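# return atomic coordinates for the entry below.
(4 chains)
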2 protein chains.
Amino acid sequence: MQDKRVENARERVIESISKNMDIYSVTPSVGRLYGAMFFEKEPMTLDEMKDKLQMSKTSMSTGVRTLIDLNMVDKVWRKGERKDLYEVKSDWYQTFTDFFCIHWRKGIEMNRDACKESIAELMEVLDGDITNEDKNKAIEDLEKMSYALGYYEWLNKVVDLFESRKIFDVIDEEE
Amino acid sequence: MQDKRVENARERVIESISKNMDIYSVTPSVGRLYGAMFFEKEPMTLDEMKDKLQMSKTSMSTGVRTLIDLNMVDKVWRKGERKDLYEVKSDWYQTFTDFFCIHWRKGIEMNRDACKESIAELMEVLDGDITNEDKNKAIEDLEKMSYALGYYEWLNKVVDLFESRKIFDVIDEEE
DNA sequence: CAGTACATACAGAAAAAACTGTACAAACTA
DNA sequence: TAGTTTGTACAGTTTTTTCTGTATGTACTG
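Purely as a prediction, here's the structure:
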């Protein structure tokens, strides 16, 4: 009887987590898996997940892999256990900063490289003999790209702040 | 002749931006639209976008709406112009913090509410007459939820740091 | 070694998302 | 007012993603 309410309370949180995991570019299904694993006391096997979520084992396998790639879940080893065991990483603060850093760093890097390459190309073009129209266009684009580059540098510093864990000092001081 | 290289340089950056806009949960198409608008000197009309990207006007309309909802693009008004005009918001730093704050705040809020509600429910259950098994389960879940709640509070402070623009001071000091 | 349990690669089915063309409403023009 | 122009709602199509069942390779067990 009571069991319902306990179950219900847990389910509410799982569902909420599931819904909001899109911030991590993850399907609600994978989000629900994460939520379920979070509340499980012991590390889970794929079969337990399958039973819990009423989905195919294949989905559990790929879902868990997704979560591992996101640094949100660990594979754990236990003596005498044949099945693979998985559990949610316990440090959410670390999980957050990891995710944030990995994803933003990658995006920044790619855009920065593209900008740098294009800036070099435009500089070269400006050195040569070109029409006024092209020249103006090149100069305008150069300005835009320089702005972007400056922004990416700044963003990199933000990521540094998290990666170096200095963010924790900053937030602490706020109190 | 030269035109090719100038065009090429611009296209490289647009393509890179397009690819990395998935961080903002946006389609490459919408990302490309954003990139194209970024380099356009003047605000663009839907028809210009359609010609530029070789896509339907409907797609441009919905794409622009998406970007406006993300606070990345503004509708601008110009005397004597019948068509709607749109341009990329010029302050990328603001765009970043806006996006970050809006999305994370929403996710935090929802999860926090769910946790609070469930915590209250579990407390109530614990007050009543229940089996030991249920009691233990409730206590364990309460612990998990309390941890989550603490994390969400912390994350809220991180968002505050960006929203209040204090992050700019923090990064400046780093130099 | 044969037999079993397990995870996952793969192909196909189901579901969701993106994109387009048409149609229509609102705003403007003459 | 009638005639344009413009943006978007909507339905249908195409593309992409998610999910499942089967099949296979690997590792363990006796």
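# so the residue nearest to A:Asn20 when sequence neighbours are not counted is in which element?
Distances taken as Cβ to Cβ, 6 or more residues apart in numbering or on different chains place B:Gly107 nearest to A:Asn20, at 3.9 Å, with adjacent residues excluded. Quick note: C-beta positions are derived from backbone N, CA and C, even for glycine. Assessed by DSSP states H and E, B:Gly107 sits inside helix B:92-127.
# so that helix versus helix A:92-127, what angle?
Put simply, helix B:92-127 runs at 170 degrees to helix A:92-127, going by axes from the mean of the first three to the mean of the last three Cα atoms, to 10 degrees.
# neighbours of the residue nearest to A:Asn20, how many?
For B:Gly107, the neighbour count with other Cβ atoms under 10 Å in any protein chain shown is 20.
# buried ones in stretch A:75-89?
A:85-89 (16 or more other Cβ atoms under 10 Å in any protein chain shown).
# now stretch A:41-55
Buried residues in stretch A:41-55 (16+ other Cβ under 10 Å): A:43-46, A:48-50, A:53.
# swap in stretch A:117-132?
A:118-119, A:121-122, A:125, A:130.
# quick one: check it for contact with chain B.
Yes: residues of stretch A:117-132 are located near chain B by Cβ under 8 Å from any Cβ of the partner chain, namely A:117-119, A:121-122, A:124-125, A:128, A:130-131.
# need those in a markdown table (columns: pLDDT and distance to B:Gly35).
What follows is the residues of stretch A:117-132 next to chain B, written out as a markdown table (pLDDT from 0 to 100; distance: Cβ to Cβ, whole Å):
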| residue | pLDDT | distance to B:Gly35 |
| --- | --- | --- |
| A:Glu117 | 98 | 15 |
| A:Ser118 | 98 | 12 |
| A:Ile119 | 98 | 16 |
| A:Glu121 | 96 | 17 |
| A:Leu122 | 96 | 16 |
| A:Glu124 | 95 | 22 |
| A:Val125 | 94 | 20 |
| A:Gly128 | 90 | 26 |
| A:Ile130 | 91 | 24 |
| A:Thr131 | 93 | 25 |
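# and which of these is nearest to B:Glu143?
Distance to B:Glu143 across these (Cβ to Cβ) is lowest for A:Glu117, with 51.4 Å.
# filter the buried residues of stretch A:75-89 down to the ones close to chain B.
Counting by Cβ under 8 Å from any Cβ, no member of the buried residues of stretch A:75-89 is near chain B.
# and which of the residues you listed is nearest chain B?
Using Cβ to the nearest Cβ, A:Val88 is the member of the buried residues of stretch A:75-89 that lies nearest chain B, at 9.7 Å.
# ok, which of the residues of stretch A:117-132 next to chain B also contact DNA strand D?
Among the residues of stretch A:117-132 next to chain B, proximity to DNA strand D is found for none (Cβ under 7 Å from any atom of the strand).
# and chain A, is the helix or strand just after the helix holding B:Gly107 touching that?
Remark: after helix B:92-127, the chain's next helix or strand is helix B:132-163, criterion DSSP H and E. Yes: using Cβ under 8 Å from any Cβ, helix B:132-163 reaches chain A at B:134, B:137-138, B:140-141, B:144-145, B:147-148, B:151, B:154-155, B:157-158, B:160-161.
# from the contact counts, what lies against the next helix or strand after helix B:132-163?
Sequence-wise, the next helix or strand downstream of helix B:132-163 (DSSP H and E) is helix B:166-174. If you count contacts as 3 or more Cβ pairs under 8 Å, 6 or more residues apart in numbering or on different chains; DSSP states H and E, helix B:166-174 packs onto helix A:132-163, helix B:132-163.
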